[in-house]
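Trainee: Let me see the structure of the following:
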Amino acid sequence: MFISVAFIVLQVLLALIAVYQFSLSMFGFMKNKSRKRHAPTKSFAVLVAAHNEEKVVGALIENLKQLDYPEELYDIFVICDNCSDGTADIARGMGVHACVRNNYHQKGKGYAIEWMLKELWAMPRQYDAVVMFDADNLVNRDFLQLMNDDLCEGHKVIQGYLDTKNPGDSWVTAAYAITYWYCNRLWQLSRTNLGMSNFLGGTGMCFESGLLREMGWGATSLVEDLEFSMRCVKRGVYPTLNYDAKVYDEKPVTFQASARQRLRWMQGHFNVARNYFFPLLWASIKERNLVKFDAAIYTISVYVTLMGFVLTAALWIDMALPAADVIHSMYSYLPWWLLVVAIVATVLQFPAAMMLEKVRSWKMFAHLFTLPLFLISWWPITFYAFFTQNNKTWSHTQHTRVVRIEEVQSK
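Mentor: Next comes the predicted model:
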């Protein structure tokens, strides 16, 4: 009896969180097209995080040097972090700053950014804002102009629109692309429309320099972007999304590489949940602040995935055993039509997001049939991450896909 009650209570809790997120996603169907334009006045330090990225960093540097923004208002710095290849030589050869860091005790992007910012603050020239990219990225040419507009409007932390530069390489990259379109539209934009905080995505990020100096980077976990997002929300600074500032990210082609990357994300996410859930939840109650409550709920999404897997596995095992069922599910108390509606609404969110994002490739829509395999794989990955969450070792994702921005935009 106790097991069934506890099981149903947990199911109800997870269902409430799912209904909450689904309700928020409905506000992503609208898109405000009005945007104030400003003359280019803000200066930028453009940081490119790179670890052995000689195969792809040249394409990004070429892309960044052709941005539609006054060249005297931005400088490019490639952080050559513990590199053993020709990344630094390529950066110097292309006329940008190659900042070499060798520290084999503190590995990872978070540490590299923290080091680079200290170097930046000590330079003779100071910049109004800092923009961060990964070496495998490509960006639309109006990216800095759009960041300039938001900075002039008073925003201090800005996230660009994250897209995929190689969606057609495999069923894995297609799954990444579909989930990114879904998250951009029905997670990020919905929060923008509601005046809530967005969440940083690790690249295509812009920070007002004064805020970075004041806060310090201080985000050295395996998910430095999520960690910094929560630090901002905690102090009342809410990152915003610039939906038009597009960044294209290379995604792992194989399932094995994808699993390694997502395991790192989940390990880091558990760490952020431990450190920020209760402080944000308490602050949201004390201040009656919905934005901080939403951020607190977001931090424990990794636990929602974990509990969803554990409860589902327990239910399946109980049903498969020849003895009488020990566990009673809340689903047995709900009308069948309500379950059908919930399943259909969940499934339709992905094609709906793709149509809203004007995806025209029938091949991408065909990959909706393989998408469930990718989504279900989050369960065992998260389960394993729970038991290895104290791992602090950064696992580097190999990038080999040399694509130019013209190729991406032509598709």
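
Trainee: And the closest residue to residue 329 other than its chain neighbours, which helix or strand is it part of?
Mentor: Using Cβ to Cβ, 6 or more residues apart in numbering and skipping the chain neighbours, the partner closest in space to residue 329 is residue 315 (5.8 Å). From N, CA and C alone the C-beta is placed, and that goes for glycine too. For residue 315, the element it lies in under DSSP states H and E is helix 301-320.

Trainee: That helix: which residues count as buried?
Mentor: Of all the residues in helix 301-320, those buried under the rule 16 or more other Cβ atoms under 10 Å are 302-309, 311, 315, 318.

Trainee: Likewise for stretch 168-181?
Mentor: By 16+ other Cβ under 10 Å, the buried positions in stretch 168-181 come out as 169-170, 172-181.

Trainee: Ok, stretch 136-143 next?
Mentor: Within stretch 136-143, the residues that count as buried by 16+ other Cβ under 10 Å are 136-140, 142-143.

Trainee: What degree of burial does residue 97 show, as a neighbour count?
Mentor: Using other Cβ atoms under 10 Å, the number of residues around residue 97 comes to 18.

Trainee: now residue 113
Mentor: Counted with other Cβ under 10 Å, the neighbours of residue 113 add up to 22.

Trainee: any idea which helix or strand carries it?
Mentor: Taking DSSP H and E as the criterion, the element that holds residue 113 is helix 109-121.

Trainee: Can you tell me which helices and strands that helix packs against?
Mentor: The contact analysis (3 or more Cβ pairs under 8 Å, 6 or more residues apart in numbering; DSSP states H and E) places helix 109-121 against strand 44-50, strand 74-81, strand 97-101, strand 129-134, helix 224-234.

Trainee: Do a quick rundown of the strands in the stretch 251-400 of the chain.
Mentor: Along the stretch 251-400 of the chain, no segments are classed as strands by DSSP state E, counting those that start in this stretch.

Trainee: what about the helices in it?
Mentor: Secondary structure of the stretch 251-400 of the chain (DSSP state H, counting those that start in this stretch): helices located at 255-287, 290-299, 301-320, 336-356, 362-366, 371-376, 378-387.

Trainee: thinking again about what came up before, could the buried residues of helix 301-320 be laid out in CSV, adding distance to residue 195?
Mentor: What follows is those, written out as CSV (distance: Cβ to Cβ, whole Å):
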residue, distance to residue 195
302, 26
303, 27
304, 24
305, 27
306, 30
307, 30
308, 29
309, 33
311, 34
315, 39
318, 44
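
Trainee: who touches the residue nearest the centre of the chain in this structure?
Mentor: Relative to the mean C-alpha position of the chain, the nearest C-alpha, by Cα atoms, centre = their mean, is the one of residue 201, at 3.0 Å. Residues near residue 201 by Cβ atoms under 8 Å, 6 or more residues apart in numbering: 159, 162, 225.

Trainee: Which of those residues sits closest to residue 98?
Mentor: residue 225 (23.9 Å; Cβ to Cβ).

Trainee: Which residues does stretch 299-311 contact?
Mentor: 7, 10-11, 14, 17, 226, 230, 266, 269-270, 272-273, 276-277, 280, 378-380, 382-383, 385-386.
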